[in-house]
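Chemist: this is a predicted model, with the sequence first.
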Amino acid sequence: MMTVEITCPDCGSGINIYPSVEAKTADCDVCQHSVPTKFNVEHTEGQLCDCPVCERKDFFQQKDFSRKIGVLLFVIAACFVPWTYGISLIVLWLVDLFLFRRIPNVVICYKCQTNFRGVSNLKEIPQFNHEMNDRIIYSDHDFEGKPLEHH
């Protein structure tokens, strides 16, 4: 079953919700802000074709791992390099390889950063594209779910 994590526009906390056609809003537990949602039948079946928050169709997938924790692990391993002669970086690489193979992917909306877990059509969603991200965030370009192609 697909789960949705919406970022509250007021306080930035996560609002977790299961897709339901009857759900018209998602309420933040921290600040009580209501975020309007538009779930459809495809969402309840785990199919992701449009975002229920911003109604855009531009998504990317990545590993479901906190970037802050990843950077922290690297800094810790780098600090130990003088005493371990670089072995701490090799150990970190092995831990990273293990986590990469074990952690599932999450789908994220480029526009509103809503996270979707348990998406059934995950193979149809491309990996992150920096140029698409910049065009969507900074110039509000709508790719309408089509990947960016250069000719």
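Modeler: Thanks, I have it.

Chemist: what about the residue nearest to residue 36 when sequence neighbours are not counted, neighbour count?
Modeler: Distances taken as Cβ to Cβ, 6 or more residues apart in numbering put residue 25 closest to residue 36, at 5.6 Å, once the chain neighbours are dropped. Quick note: C-beta positions are derived from backbone N, CA and C, even for glycine. Around residue 25 sit 11 other residues, with neighbours defined as other Cβ atoms under 10 Å.

Chemist: residue 65 too?
Modeler: When neighbours are counted by other Cβ under 10 Å, residue 65 registers 15.

Chemist: same thing with residue 108?
Modeler: Residue 108 has 20 neighbouring residues, counting by other Cβ under 10 Å.

Chemist: ok, it touching residue 58?
Modeler: No. At 10.0 Å, residue 108 and residue 58 do not qualify as touching, with contact defined as Cβ atoms under 8 Å.

Chemist: domain-wise, how is this structure divided?
Modeler: 1-64+106-146, 65-103 (automatic domain parsing).

Chemist: most tightly packed of these?
Modeler: The highest mean neighbour count among these belongs to domain 1-64+106-146 (a mean of 16), with neighbours defined as mean count of other Cβ atoms under 10 Å.

Chemist: start to end distance for it?
Modeler: The distance separating the two terminal residues of domain 1-64+106-146, taken as Cα to Cα, to the nearest Å, comes to 25 Å.

Chemist: same question for stretch 54-64.
Modeler: End-to-end distance of stretch 54-64: 21 Å, with Cα to Cα as the criterion.

Chemist: I'd like the average pLDDT over it.
Modeler: Mean pLDDT, computed over stretch 54-64, is 93.

Chemist: now that stretch: how far from the chain's centre is it?
Modeler: Relative to the mean C-alpha coordinate of its chain, stretch 54-64 is positioned 6 Å out (Cα atoms, centre = their mean, to the nearest Å).

Chemist: how about stretch 138-149?
Modeler: Offset of stretch 138-149 from its chain centre (Cα atoms, centre = their mean): 17 Å.

Chemist: got the contact list for that stretch?
Modeler: Residues from elsewhere that reach stretch 138-149 (Cβ atoms under 8 Å, 6 or more residues apart in numbering): 49-50, 56-59, 126, 129, 131-132, 135-136.

Chemist: go with 6 Å
Modeler: 57-58, 126, 129, 131-132, 135 (Cβ atoms under 6 Å, 6 or more residues apart in numbering).
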